[in-house]
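# Below is the structure, and that's it, no one-letter string:
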């Protein structure tokens, strides 16, 4: 089911990106100095428009993912502490269970079996 959903989502998305890339191959200048007096004096990179747009989208997705990951740090830390405490509690319960079974009278142990 997941593979069918992936195909339904990613094939049209890939086609849209492909068609967008084919339609926007013209070069654009990307200025690197916002304070330059004239465009001729400023350093720039020339790249196809589709590359600029897709790279901008990729950077945005990456920045959003990092932001989300950093935002969930306290939750992950609390979950880690809770897992550690739960493990300690399980070990303590098992230890107490073993102690309780060891303290039972012999006839109570025989009756359980």
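Happy to help now that I have it. Here the structure is a predicted model, which means the values were calculated and not measured.
# Below-threshold pLDDT in this protein: ranges please.
Scanning the chain with the threshold set as pLDDT under 70 gives 39, 106-113.
# one more time with 90, if that's ok
1-3, 5-6, 29-45, 102-113 (pLDDT under 90).
# Can you point out the buried residues in stretch 59-75?
When neighbours are counted by 16 or more other Cβ atoms under 10 Å, no buried residue of stretch 59-75 is found. Heads up, the C-betas are built off the backbone N, CA and C, glycines and all.
# how about the strands of this structure, start to end?
27-31, 44-48 (DSSP state E).
# Need the ones you listed in a markdown table (columns: mean neighbour count and distance to residue 55).
Shown next, in a markdown table, are these (neighbours: other Cβ atoms under 10 Å; distance: least, Cβ to Cβ, whole Å):
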| stretch | mean neighbour count | distance to residue 55 |
| --- | --- | --- |
| strand 27-31 | 12 | 10 |
| strand 44-48 | 12 | 8 |
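# Columns distance to residue 63 on top of these, output as a markdown table?
Below are the strands of the chain laid out as a markdown table (distance: least, Cβ to Cβ, whole Å):
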| stretch | distance to residue 63 |
| --- | --- |
| strand 27-31 | 18 |
| strand 44-48 | 20 |
